[in-house]
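Undergrad: Have a look; sequence and predicted model below, questions after that.
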Amino acid sequence: MTTGLELDKVTVARQGSAVAHDVSLAVRPGRVLTMLGPNGAGKTTLLEALAGVIGFASGSVTIDGADLGRMSRPARARAGLALVEQGRTVFGSLTVAENIRVAGGDDTALTEYFELFPPLRPRRDVKAALLSGGEQQMLVLARALARRPSVLMLDEMSLGLAPVIVRRLLPAVRGLADEGMAVLLVEQFATLALGVADDAVVLAGGRVTFVGPAMELAASPARLHQAYLGSSSDG
């Protein structure tokens with residue numbers, strides 16, 4: 001049975017200092033959880049700990065009921081966890097199709113991802129280094145999906161992109177959840193992210209200051225502002 005990603009009182013530290021404190025949340029199959037918060041709140045650090053880039057100091061994490069803390073980074077990927085990091089790291093010397101094939105995608109997968117991201121189809125045989133920023137982000141997403149994850153974590157995929165491009169990408173993310181994937185979306189465009197999310201959590205000062213329905217947070221800009229300041233009692 002797939003239950004998604006569950007965090008119970010997770011604390012993550014860098015150089016001996018806690019960056020994220022006692023974070024508890026659940027990313028369920030078929031749902032998008034957007035994680036918001038000011039710069040330096042600990043969002044990227046938390047995702048890196050979940051992916052196995054760094055360790056977490058305490059707490060427990062499970063993916064579909066299996067203990068994530070006991071898994072190596074490759075084992076976490078095999079268990080169904082995928083992280084799309086900041087920076088759009090494509091293989092510049094490889095074509096679009098080759099980038100996807102390197103990640104394990106076959107011709108069926110290519111067809112599937114070109115339907116999901118139509119701008120990539122005519123660029124199939126173009127080297128990735130020659131793509132626009134938006135096209136590169138689509139390719140990074142397609143490459144992550146080629147591993148067939150059950151839980152997809154996206155860290156600021158809009159970084160450096162125009163809002164119009166972000167508006168094209170987010171519906172695709174929503175579509176992945178609608179097909180059953182669990183999606184954890186860390187995003188700087190709060191309004192756009194809340195528009196495609198089911199659930200929301202705000203991290204401020206490394207602590208959860210809000211957790212609840214995305215619609216509830218989107219309907220109350222004052223509450224969102226309060227959560228960003230770390231003064232909310234929610235969560």
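TA: Arrived safely.
Undergrad: For Arg147, give its distance to Met181.
TA: For Arg147, the distance to Met181 equals 12 Å [CB to CB, to the nearest Å]. In this view, the C-beta of every residue, glycine as well, is placed from N, C-alpha and C.
Undergrad: The two: which has the busier surroundings?
TA: A count of neighbours by other CB atoms under 10 Å puts Met181 above the other of Arg147 and Met181, at 24 against 15.
Undergrad: which residues touch that one?
TA: Counting by CB atoms under 8 Å, 6 or more residues apart in numbering, Met181 makes contact with 29-30, 149-152.
Undergrad: switch the cut-off to 7 Å
TA: For Met181, the contacting residues are 29, 150, 152, by CB atoms under 7 Å, 6 or more residues apart in numbering.
Undergrad: what's near enough to touch the residue most central in space within the chain?
TA: By CA atoms, centre = their mean, the mean C-alpha position of the chain lies nearest to Leu154, the distance being 2.0 Å. Each residue near Leu154 by CB under 7 Å, 6+ apart is listed here: 84, 173, 185-186.
Undergrad: can you give me the strands for the chain?
TA: Counting by DSSP state E, the segments of the chain that form strands are 5-14, 17-27, 32-36, 58-63, 66-67, 81-84, 151-155, 182-186, 199-204, 207-213.
Undergrad: Quick one, which of those gets closest to Gln136.
TA: Nearest to Gln136 among the strands of the chain is strand 81-84; the distance by CB to CB comes to 11.5 Å.
Undergrad: so what strands line up beside that closest one?
TA: Strand 81-84 pairs in its sheet with strand 151-155 (parallel), by DSSP bridges.
Undergrad: got the angle for the strand it pairs with vs strand 182-186?
TA: Between the axis of strand 151-155 and that of strand 182-186 there is an angle of 10 degrees, by axes from the mean of the first three to the mean of the last three CA atoms, to 10 degrees.
Undergrad: and strand 151-155, how far out from the chain's middle?
TA: Mean C-alpha position of strand 151-155 versus that of the full chain (CA atoms, centre = their mean, to the nearest Å) differs by 2 Å.
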